[in-house]
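**Student:** got a sequence here, can you model it:
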Amino acid sequence: MDMKTQHLVRLCVLAALSGWGCPSIAAGHPLDPLSTNELRSAVEVVLRQGHLPTNVFFPIVALHEPPKEQLLRWRPGVALPREAFVTAYDLPAHRTYEGIVDLTAQRLVHWALIPGAEPLQTDAEFQESRHLLLTNALWIAALQRRGITDVTTVDSAGIPIGAVPFLGKPVEARMLLASPYVMRTNRTTWEPVEGLLAVLDMSRQKVVEVIDREVYPVSQGAMDFFDPLVRGPQDPPLKPLTVSQPEGPSFVVADHAIAWDRWRFRYSVHPREGLILHQIAWEESPGKLRPILFRASVSDLLVPYADTDPEWSWRAYFDESDFGLGYFAQPLRRGFTTVPYATLFSEPMCDGAGGARMVEDIVDLYERDAGMLWSHTEADTGTAGPRARELVVGMLSTIGNYDYRFQWSFRQDGSIEFHVYLTGVMQLKGTHSRLCASCASPEAKLAADPRGEQDHGVLVAEQLVAPHHQHFFNVRLDFDVDGTANGVKEYNVSTDRRRRKNPHGNGFSVTPTVFTRERQAVRDLNPASHRMWMVYNPNVISPLGHPSAYLIEPGMAVTPFLAERSPVRKKASYLDHHLFVTRFRDSERYAAGTYPGGHADTGNVFAWTRDNENILNEDVVTWFTLGLTHVARPEDFPVMPSVHANLRILPKGFFQRNPALRVPDAAVSSTQPF
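**Tutor:** Modelled structure (predicted):
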């Protein structure tokens, strides 16, 4: 029996004992994503009801996950309702509906109009907005004023602006704004056509206004990084770096269930949320799985820009809720956007028009070297310690000009890391400036930027400014540490100022605070006190008296510079604090609410804390916001090197000692003295 077969048999034994799900069962787990046939079937059921016109959009069609309490009780062989969640958008009437379809019974079991909701934008709507502008005489004339006679070289598509009252008050129509960019050799290189905007009413299929202001000079800073002349001479490649796994990978995948080392979890891809991890557990011993996280996902992604120019001040993109991280997932290419030896998975996805497609190779899974797992050297015994290995699962989403790589890493020491890597092309603004004003001498500053066009950005090429902006990623973590009865504790480190307790001035101590109510757990980072948060099970205590727990260790996190009166900040009120903890509710999935771009009141994480529910010894969800402030560098032009933000989830009392001691040493023997 080879190693992979042994793994499979072992997992089936675990399934029988724990209900985790046997990989040999091709279908039947209630979290299995909908197939392409199921996606189409759900739309057909909705259309048969006669509630909608036939040309309606379907921005989201996905699995309606069973209630958590049912999933926790589920065992292989037990049937749960197979349901689809459907968002339907009647564009002419500007009405958004939500429905739930019973796929087994082929009937609609829930249907509701969501007033004021702005749904995810489909590709069809995107293309329709482009066609509207490219046939508009005012738009064509404005482009010709700028020397652009071939309108097909301009990206004129509009994007939703529901979060910003651009026209003074909410309008009962689908309003888009179009900011054009020039395409070179059939590739969008995001060269701005400054001083030109259009307001579109997609519900009435008309261009409301073409805002044609000043004609800006065309930058000579070449942006087409596909052009060999822009790329410049290429260095010879480095010598090959090869990862060899002659016996194949150490993980086992059965449908959407993954087993590697002691880790067990499931994954899925949602049109809006992108990559989701489910039922993350650690195999303590054969037949014994210890749950850690029930569900982990990115719940919101906001990118606000700093430029106060009226043509820029509206730019604050809800990249997840307006466009969809899964909807814009990109096929991964081995050796380019993923490692050469990755295992790739294709996923079914709705197409926005009521159909479905299989999106090829959008999730990758691979092992990689992760440095030293642990090590120590003694003079008489030499060096001991194993080499670390970790499992990576991830995906890549391209939202407009930005590319986001989302990935989760599982390590042999029991820790989990969430990473987001940002690359792509900066959104640029045309300017008259040729010299950096902030770098000029005091007397030359005004001459370098007489119009103040660099007040909110950095000059990255002649007559091109990269406006300052921020990226906020809210990560929803539904912890179930050794069960659903959990609590959250905060740790702060401080110097003991009492001379009697700290006579030599070297003492510092850790002060724990247990949160009992939701409002207590609305918290901010504090580097001065090394603030950390721990999710723990007060009912599972180690022989040393430690509760079973996992620690949230913040990585890159930022403070918003959006004013509190900003309409966008009011929508995304999770920006006000880094951490929220709420009592679990199946319906509470998105930190800024289900439709933050519109004026629908679907609640948000700040509102969910107002009832101040008990969160001690309860099923709790933590919401943490990490992010980046991007003050550009010339080195970010014309395409950005990858930058990185992360969050670590570390065991604290979950194990009685270092769980990596079980990993065999890589090599021993060295007699080198210290």
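**Student:** these two touch, right, Cys350 and Leu39?
**Tutor:** Yes. Assessed by C-beta atoms under 8 Å, Cys350 is found in contact with Leu39 at 5.4 Å. The way it works is simple: take the backbone N, C-alpha and C, and place the C-beta from them, glycine included.
**Student:** which residues do the two both contact?
**Tutor:** Shared contacts of Cys350 and Leu39, defined by C-beta atoms under 8 Å, 6 or more residues apart in numbering, comprise Val61, Ala62, Ala356.
**Student:** ranking the residues you listed by neighbours, who comes first?
**Tutor:** Most neighbours among the shared contacts of Cys350 and Leu39, by other C-beta atoms under 10 Å: Val61, with 29 neighbours.
**Student:** which of the shared contacts of Cys350 and Leu39 sits closest to Glu417?
**Tutor:** Ala62 (26.4 Å; C-beta to C-beta).
**Student:** ok, that closest one touching Glu83?
**Tutor:** No. Using C-beta under 8 Å as the test, Ala62 is too far from Glu83 to be in contact (10.2 Å).
**Student:** picking that back up, out of the shared contacts of Cys350 and Leu39, who's nearest Lys206?
**Tutor:** The closest of those, once distances to Lys206 are taken by C-beta to C-beta, is Val61, at 29.0 Å.
**Student:** in contact with Leu176, which residues are there?
**Tutor:** Taking C-beta under 8 Å, 6+ apart, one finds Ser129, Gly158, Ile159, Pro160, Ile161, Val199, Leu200, Met202 in contact with Leu176.
**Student:** next one, pLDDT for the spatially closest residue to it that is not a sequence neighbour please.
**Tutor:** Nearest residue to Leu176, sequence neighbours excluded (C-beta to C-beta, 6 or more residues apart in numbering): Gly158, at 3.0 Å. Listed pLDDT for Gly158 reads 90.
**Student:** same check on Leu332?
**Tutor:** So Leu332 comes in at 98 (pLDDT).
**Student:** so what's it closest to, chain neighbours aside?
**Tutor:** Nearest non-adjacent residue to Leu332 (C-beta to C-beta, 6+ apart): Thr338, at 4.4 Å.
**Student:** mind checking how far that neighbour is from Arg405?
**Tutor:** Per C-beta to C-beta, to the nearest Å, Thr338 is found 9 Å from Arg405.
**Student:** joint contacts of those two?
**Tutor:** Counting by C-beta under 8 Å, 6+ apart, the residues touching both Thr338 and Arg405 are Gly394.
**Student:** more crowded one of the two?
**Tutor:** Thr338 (23 against 20).
**Student:** test my guess that that one contacts Asp364.
**Tutor:** Yes. With contact defined as C-beta under 8 Å, Thr338 counts as touching Asp364 (4.4 Å).
**Student:** common neighbours of those two, please.
**Tutor:** Residues touching both Thr338 and Asp364 comprise Leu332, Leu344, Gly394, with contact defined as C-beta under 8 Å, 6+ apart.
**Student:** could I get the residues you listed as a markdown table with secondary structure, distance to Phe624 and neighbour count?
**Tutor:** Formatted as a markdown table, those follow (DSSP: H, G, I helix; E, B strand; the rest coil; distance: C-beta to C-beta, whole Å; neighbours: other C-beta atoms under 10 Å):
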| residue | secondary structure | distance to Phe624 | neighbour count |
| --- | --- | --- | --- |
| Leu332 | coil | 27 | 21 |
| Leu344 | strand | 29 | 16 |
| Gly394 | strand | 19 | 23 |
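**Student:** and which of the residues you listed is nearest Arg565?
**Tutor:** Nearest member of the shared contacts of Thr338 and Asp364 to Arg565, counting by C-beta to C-beta, is Gly394, at 37.5 Å.
**Student:** any idea how far Asn658 is from the closest one?
**Tutor:** For Gly394 relative to Asn658 (C-beta to C-beta), the value is 27 Å.
**Student:** buried set for stretch 619-638?
**Tutor:** Buried residues in stretch 619-638, defined by neighbour count with 16 or more other C-beta atoms under 10 Å: 619-628, 630, 632, 636-638.
**Student:** please report how far the residue nearest to Leu176 lies from Pro33.
**Tutor:** Taking C-beta to C-beta, one finds Gly158 at 31 Å from Pro33.
**Student:** and what of Arg262?
**Tutor:** Separation of Arg262 from Pro33 (C-beta to C-beta): 25 Å.
**Student:** what do you get for Ser415?
**Tutor:** Taking C-beta to C-beta, one finds Ser415 at 27 Å from Pro33.
**Student:** with Gln220 instead?
**Tutor:** 49 Å.
**Student:** on that earlier part again, in this structure the residue nearest to Leu176 contacts Asn136, no?
**Tutor:** No. Gly158 is beyond contact range of Asn136, at 11.7 Å (criterion: C-beta under 8 Å).
**Student:** overlap in contacts, those two.
**Tutor:** With C-beta under 8 Å, 6+ apart as the test, Gly158 and Asn136 both reach Ala198.
**Student:** looking at those two, which one has more neighbours?
**Tutor:** A direct count of neighbours by other C-beta under 10 Å for Gly158 and Asn136 places Gly158 higher, at 25 against 18.
**Student:** so who does the more buried one touch?
**Tutor:** By C-beta under 8 Å, 6+ apart, the contact list for Gly158 reads Phe126, Ser129, Arg130, Leu133, Leu176, Leu177, Ala178, Ala198, Leu200, Met202.
**Student:** coming back round to it: just the shared contacts of Cys350 and Leu39 now: which is nearest Val493?
**Tutor:** Nearest to Val493 among the shared contacts of Cys350 and Leu39 is Ala62, at 43.1 Å by C-beta to C-beta.
**Student:** partners of the closest one in the sheet?
**Tutor:** Phe85 (DSSP bridges).
**Student:** what residues are up against it?
**Tutor:** Contacts of Ala62 by C-beta under 8 Å, 6+ apart are Pro33, Leu34, Leu39, Ala84, Phe85, His270, Pro271, Cys350.
**Student:** go again using 6 Å as the cut-off
**Tutor:** By C-beta atoms under 6 Å, 6 or more residues apart in numbering, the contact set of Ala62 is Phe85, His270, Pro271.
**Student:** tell me the most packed of the contacts of Gly158, by neighbour count.
**Tutor:** Tallying neighbours with other C-beta under 10 Å puts Leu200 at the head of those, with 29 neighbours.
**Student:** which secondary structure elements does the strand or helix carrying that one contact?
**Tutor:** Element membership of Leu200 [criterion: DSSP states H and E] is strand 196-201. Applying 3 or more C-beta pairs under 6 Å, 6 or more residues apart in numbering; DSSP states H and E, one finds that strand 196-201 contacts strand 206-212.
**Student:** could you point out the helix or strand that follows the strand it packs on?
**Tutor:** Later in the chain than strand 206-212, the nearest helix or strand by DSSP H and E is helix 228-231.
**Student:** and the contacts of that following helix?
**Tutor:** Ala222, Asp224.
**Student:** now for Thr582, how many residues are close by?
**Tutor:** Number of residues near Thr582 (other C-beta under 10 Å) recorded here: 22.
**Student:** state the distance from it to Leu80.
**Tutor:** 25 Å.
**Student:** also Phe265?
**Tutor:** 19 Å.
**Student:** what about those two, which has more around it?
**Tutor:** Neighbours were counted for Phe265 and for Leu80 using other C-beta under 10 Å; Phe265 has more, 24 against 15.
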